[in-house]
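Undergrad: Coordinates for the following, if possible.
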Amino acid sequence: LEFRRVLFRSQGQTEAAIGAYRVAVQTLQTLRQDLVTNTADVQFSFRDSVEPVYRELTDLLLQTTDRLPPAEQQARLREAREAIEDLQLAELDNFFREACLDGQPRTIDAIDPHAAVIYPILLQNSIEVIVSLPNGSLRHHRAVMSNSDRDTAFNRLRQYTNPVFTTDRLLPSSAEVYNWLLRPLESTLAQQQIQTLVFVLDGSLRSIPMSLLYDGQQFLVEKYNLAIAPGLRLLHPAVPLAADRRRFNTLSILLGGLSQAHNGFESLPNVQREVEGVAALIPSHTVLLNDQFTEHRVVQELKEDPTAIVHFATHGQFSSRADQTFLLTWQGEMNVKTLDQLLQERLTQDPIDLLVLSACQTAQGDDRAALGLAGMAVRSGARSTLGTLWAINDRSTAQLILDFYQNLTQGQGKAQALRQAQLALLHSADYAHPYYWAPFVLIGQWR
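TA: Next comes the predicted model:
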C-alpha cells in the first residue's frame, strides 16, 4: 500500500493516489487500539508513520479542489475536513495511549448560527484553510510560504509575547499570520454576520493565541468572540452557563488552589484573592485552599457535590506527553490521567459545565505542549475549559478571572465573557501588553 501511494503520487496520478491514501486511513482507523497500546519499543512513531498519512491525504484532496465544479468541490472539502478531524482524534488517542475518543459529525449551524469554524492545516510549504460557515457551505484558501518562513513567524510571535519586548515588536509577525489565516475571509465573515470564530488548530499553531492576530488596526479579540475546538465531533451540546443572575445563583462551584510556596514551586499570593473573589460571586461554593487542596478532598467533593463549575488555581503544566501533564496539589503533582478518571466519573451523572485551569502553562521546549491542554479539556468531559498557554502575573490573572465570572453573572456567553475580560486588560494602563491577556483560551462550547 505504501509503495502504491508513493508511486501514484510521484507519477502525478492524483485520483489514484487519493484512493490509496483513503484505504491507508481506513486501515489506521481500524487499528486505533493497537497503534496506541503497543509498548514503546514496538509501537509506530506517530509523528513519522501515522500523522503523515492523514496530512498527505488532505494535501492531495486540496490540490485540485478549487478547479472542481461547486458540488464536487464541497464534497472534497468535507472529506479534507473529516481527514483533519480524524487526525485530531488520532493525536489525542496517542496522547492518552488508548483509543477512547469518538464523536459524531455536527454542523456548525446546528450549534451557533453566528459562528464560523476555521481549520488552518499545516502542510509542506503552505497553510491550507478550510472554513465551515453557518449556511452549511465550506470555503477554502491557500497561503503559500516556505516551512522556514512559517516557523520563523510562529517563533517570533511566541518570543515577542514576552513583556521585555514592546507590543510593536510582535505586530509584524502577528499581521503576517493574520494574513495567512484570515485576510481572504474578511468579506465572507462580514456577509455571514459572524460573531464568533472557532479554531480547530493544527500542530504548532496550538501554542499561538489566536486573540493576538493583528489585522493592521485591531487584534482579533477586538473583533470577535474566540474559542478553540479539537473538532466539531467532540463538542458537547450547548448549555448556557448563566442566562441571568438568578440562574447563576443556583450554580455550585468547587474552588481549589495553592497560594503558598510548596513542593519546590513559588508562591501565588493572588490565588487567594482570585478564589475568594469567585466564591463571593457564586454563593454555592466549596473552597479547598493550600493544605486543604489535596487529591483526596477533590475526589470527595466531586463525588458528593454535582458542581457545575470546577476551578483550579494552581501551578500546572501541559505537555505533549500525558505523563508530563499535571496539576499541583498540596500533596504533589496530580497527573492528567488521575484528574481524567476523577472527572470522567461525573459523565454518568451530571457533566461539568466549566473547568477553569488558572496559572498553568505549556511545557517549555515542547512544540506540541498545547496538546496536553486539549487532551485535558476533552477527557475531563467538561462542556467548556478555560486555560492558559503560559503562566503569567498572578495579579492580572486574578483580575481577568474575576471579570470573566462577573460577565457570566450578567448573562454573557462564555466566549463573550472571556473576550470582555481580555479587553478590560488590553485597555488598562498596567496590563495592555498581550503577555497578560492573550494566553487565555476557551476550549469547547463557547456559548
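Undergrad: Doesn't Val50 lie inside a strand?
TA: No. Counting by DSSP: H, G, I helix; E, B strand; the rest coil, Val50 is located in no strand; its state is helix.
Undergrad: Please report the number of neighbouring residues for it.
TA: 22 (other C-beta atoms under 10 Å). Just so you know, the C-beta spots here come from the backbone N, C-alpha and C atoms, and that holds for glycine as well.
Undergrad: hang on, it packs against Asp93?
TA: No. Using C-beta atoms under 8 Å, Val50 makes no contact with Asp93, being 9.9 Å away.
Undergrad: For Gly216, list the residues it contacts.
TA: Taking C-beta atoms under 8 Å, 6 or more residues apart in numbering as the criterion, Gly216 is in contact with Ala175.
Undergrad: where's it relative to Val129, distance?
TA: Here the criterion is C-beta to C-beta, to the nearest Å. By it, Gly216 lies 19 Å from Val129.
Undergrad: Run the chain-centre distance for stretch 183-203.
TA: Computed by C-alpha atoms, centre = their mean, to the nearest Å, the chain-centroid distance of stretch 183-203 equals 16 Å.
Undergrad: buried residues in that stretch?
TA: Buried positions in stretch 183-203, judged by neighbour count with 16 or more other C-beta atoms under 10 Å: 184-185, 189, 192, 194-203.
Undergrad: swap in stretch 259-269?
TA: Judged by neighbour count using 16+ other C-beta under 10 Å, the buried positions of stretch 259-269 are 259-260, 262, 268.
Undergrad: Can you name the residues in contact with it?
TA: Stretch 259-269 has contacts (C-beta under 8 Å, 6+ apart) with 257-258, 270-272, 275, 289-290, 313-315, 328, 330, 332-333, 359, 394.
Undergrad: Tell me which of the buried residues of stretch 183-203 fall in helices.
TA: If you go by DSSP state H, the buried residues of stretch 183-203 have Leu189 in helices.
Undergrad: Looking at the buried residues of stretch 183-203, which are in strands?
TA: 196-199 (DSSP state E).
Undergrad: With respect to Leu122, which of those is nearest?
TA: Nearest to Leu122 among those, counting by C-beta to C-beta, is Phe199 at 13.0 Å.
Undergrad: is it true that that closest one touches Ile121?
TA: No. Applying C-beta under 8 Å, one finds Phe199 not in contact with Ile121, separated by 11.7 Å.
Undergrad: mind listing the strands for the stretch 301-447 of the chain?
TA: Taking DSSP state E, counting those that start in this stretch, the strands of the stretch 301-447 of the chain run over residues 309-318, 326-329, 332-335, 354-362, 384-388, 440-444.
Undergrad: of the ones you listed, which approaches Pro134 most closely?
TA: Of all the strands of the stretch 301-447 of the chain, strand 440-444 sits nearest to Pro134, with 18.6 Å by C-beta to C-beta.
Undergrad: outside of that closest one, which residues touch it?
TA: By C-beta under 8 Å, 6+ apart, strand 440-444 touches 209, 211, 226-230, 235-236, 373-374, 377-378, 382-389, 400, 414-415, 418, 421-422.
Undergrad: so of the residues you listed, which ones are in helices?
TA: Going by DSSP H, the helices hold 373-374, 377-378, 400, 414-415, 418, 421-422 from those.
Undergrad: Packing partners of the helix or strand where Ala90 lies?
TA: Secondary structure from DSSP states H and E places Ala90 in helix 70-96. Using 3 or more C-beta pairs under 8 Å, 6 or more residues apart in numbering; DSSP states H and E, the elements in contact with helix 70-96 are helix 14-30, helix 32-37, helix 51-63, strand 115-123, strand 126-132, strand 138-144, helix 370-379.
Undergrad: ok, and what's touching stretch 417-432?
TA: By C-beta under 8 Å, 6+ apart, the list of residues contacting stretch 417-432 reads 167, 211, 219, 221-222, 224-226, 386, 393, 396, 399-401, 403-405, 407-408, 412, 434, 436-438, 440, 442.
Undergrad: Burial check on Gln364, number of neighbours?
TA: Neighbour number of Gln364 under other C-beta under 10 Å is 9.
Undergrad: what stretches of the chain score poorly on pLDDT?
TA: 1-12, 32-45, 47, 97-109, 233-234, 236-249, 344-349 (pLDDT under 70).
Undergrad: Quick one: closest of the helices and strands packed on helix 70-96 to Gln300.
TA: helix 370-379 (21.0 Å).
Undergrad: which other helices and strands contact the closest one?
TA: So helix 370-379, by 3+ C-beta pairs under 8 Å, 6+ apart, packs with helix 70-96, strand 309-318, helix 336-344, strand 354-362, strand 384-388, strand 440-444.
Undergrad: at 7 Å instead, please
TA: If contacts are counted by 3 or more C-beta pairs under 7 Å, 6 or more residues apart in numbering; DSSP states H and E, helix 370-379 sits against helix 70-96, strand 309-318, helix 336-344, strand 440-444.
Undergrad: ok, now how distant is Arg158 from Leu61?
TA: 30 Å.
Undergrad: More neighbours: those two, which one.
TA: Between Arg158 and Leu61, counting by other C-beta under 10 Å, Leu61 is the more crowded of the two (23 against 18).
Undergrad: can you pull the contacts of the more buried one?
TA: 18, 76, 79-80, 83 (C-beta atoms under 7 Å, 6 or more residues apart in numbering).
Undergrad: if we can go back for a sec, ok, and which of the helices and strands packed on helix 70-96 has the densest surroundings?
TA: helix 370-379 (a mean of 27; mean count of other C-beta atoms under 10 Å).
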